[in-house]
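Q: Sequence first, then the predicted structure:
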Amino acid sequence: MSYIIAIANEKGGVGKTTTVLSLGAALVERELRVLLVDLDPQANLTLSLGIKPYHLQRSLADILMGGQRISSIILRTGIKDLDLAPANEEMRLTEQFLRIRENFDLLLKEALEEVSFYDLIMLDCPPAVGSLTQSALAAAQLLILPTQCEFFSTHALRSSLNIIRTIRERNNPALRYRLLLTMVEPENQIHRSLNQQIRKAFGEAVFKTIIELDNHLREYPLHAQPITSFAPASLGAHQYHELAEEVMQFVRETSGRFT
Ligand SMILES: Nc1ncnc2c1ncn2[C@@H]1O[C@H](COP(=O)(O)OP(=O)(O)O)[C@@H](O)[C@H]1O
Ligand SMILES: [Mg+2]
């Protein structure tokens, strides 16, 4: 069975897609087979791997709405052991109509059972808690919530925590979560103070690793590959490698895998 991680936050622009790609790429360097799943109709993850969503005949929409097998849409990324289940425009309709189907939030989980040979599956969620994000949270063992050290981001966390409670009660009692501080500017006073406040409030639930602001991470969509490939010596690549270690340790401790 794969270990499934959802990367979600109802706020956009907090580093979800960047984290899915960079962390996924750091993890394959640790001899794991990783599948990235693009659940966002905006298809940023798909685009950032150099794949044009409007050229794709099929996407996750065909899996969730059309009942097809997920293995039929999986693409290679050019990076060894890193594969992608892409998104395209049709997923807007999926987001809208999926909820009408009975037990819709379990369809993704069931579809992923077919590809359980991946050690890890990472789900990139849209910036909303609609039917696609709910499906991801129902399937995941771990939710990573990237968050910026800014007032509105910390505010959005509160509503995310309510959603975790709801999902645990509804269909996934074992769902765990961890916060990841992104785009941190260590010299910025507001960032420092919010960093401290978040750690005080959430304690162990915050990853020790932080992801600092790094312009390499801003430009990665232009390279059509992860930062660990095009700028392996950058701060961003280094910090995502550090995060990969921390995630592997978390998975070892909580599930006994990757030992
Ligand atoms: N640590 C970082 N430093 C600088 N820019 C970043 C960093 N993380 C993400 N970005 C940039 O911020 C923007 C939003 O990130 P993205 O991962 O797409 O957020 P989300 O998926 O949450 O909407 C993108 O342009 C991305 O390149
Ligand atoms: Mg995104």
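A: Everything's here; your move. Ligands and ions are numbered 1, 2, ... in the order given.

Q: ok, and the closest non-adjacent residue to residue 108?
A: Among residues not flanking residue 108 along the chain, residue 135 sits closest, at 4.0 Å (C-beta to C-beta, 6 or more residues apart in numbering). Using the backbone N, CA and C atoms, a C-beta is placed for each residue, glycine as well.

Q: Pretty sure that neighbour sits in a helix.
A: Yes: Residue 135: assigned to a helix according to DSSP: H, G, I helix; E, B strand; the rest coil.

Q: List the residues that contact it.
A: Residues counted as contacts of residue 135 (C-beta atoms under 8 Å, 6 or more residues apart in numbering) are 39, 64, 98, 104, 105, 106, 107, 108, 109.

Q: Could I get the contacting residues of the second one?
A: Going by C-beta under 8 Å, 6+ apart, residue 64 touches 94, 98, 104, 107, 108, 111, 135.

Q: Looking at those, which are in helices?
A: 94, 107, 108, 111, 135 (DSSP state H).

Q: Point out where the stretch 51-200 of the chain drops to low pLDDT.
A: For the stretch 51-200 of the chain, no stretch has pLDDT under 70.

Q: what does it have sitting close to ligand 1?
A: For the stretch 51-200 of the chain, the contact set with ligand 1 under C-beta under 6 Å from any ligand atom comprises 127, 182, 183.

Q: Of those, which is the most crowded?
A: Of all those, residue 182 has the most neighbours under the rule other C-beta atoms under 10 Å, reaching 24 neighbours.

Q: any idea how far that residue is from residue 189?
A: 18 Å (C-beta to C-beta, to the nearest Å).

Q: about what we covered before: which of the ones in helices among the contacts of residue 64 sit farthest apart?
A: 94 and 111 (12.4 Å; C-beta to C-beta).

Q: Compare those two and say which is more crowded by neighbours.
A: Regarding residue 94 and residue 111, a neighbour count based on other C-beta under 10 Å identifies residue 94 as having more, with 25 against 21.

Q: and the gap between the more buried one and ligand 2?
A: Going from residue 94 to ligand 2 by C-beta to the ion, to the nearest Å gives 16 Å.

Q: Just give the nearest non-adjacent residue to that residue, would you?
A: Closest to residue 94 by C-beta to C-beta, 6+ apart is residue 61, at 4.5 Å.

Q: who's in contact with the one you found?
A: Residue 61 neighbours (C-beta under 8 Å, 6+ apart): 87, 88, 90, 91, 93, 94.

Q: same thing but at 7 Å, please
A: 88, 90, 91, 93, 94 (C-beta atoms under 7 Å, 6 or more residues apart in numbering).

Q: Could you check which helix or strand contains it?
A: helix 60-64 (DSSP states H and E).

Q: what ranges do the helices span in the stretch 1-150 of the chain?
A: 16-28, 44-48, 60-64, 91-97, 107-112, 131-139 (DSSP state H, counting those that start in this stretch).

Q: circling back to that earlier point, so can I have CSV of the contacts of residue 64 showing distance to residue 176?
A: Converted to CSV, the contacts of residue 64 look like this (distance: C-beta to C-beta, whole Å):
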residue, distance to residue 176
94, 27
98, 25
104, 23
107, 22
108, 18
111, 22
135, 18
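
Q: Let me know the closest of the residues you listed to ligand 1.
A: residue 135 (17.3 Å; C-beta to the nearest ligand atom).

Q: Is it correct that residue 211 is in contact with residue 179?
A: No: if you go by C-beta atoms under 7 Å, residue 211 and residue 179 don't touch, sitting 11.7 Å apart.

Q: Those two: which is more packed in?
A: Neighbours were counted for residue 211 and for residue 179 using other C-beta under 10 Å; residue 211 has more, 25 against 22.

Q: For that one, give me the pLDDT.
A: Turning to residue 211, the model gives it a pLDDT of 98.

Q: which ones are touching the nearest residue to it once chain neighbours are set aside?
A: Excluding the flanking residues, the one nearest residue 211 by C-beta to C-beta, 6+ apart is residue 182, at 4.6 Å. Residue 182 sits next to 14, 15, 146, 147, 148, 211 when contact means C-beta under 7 Å, 6+ apart.
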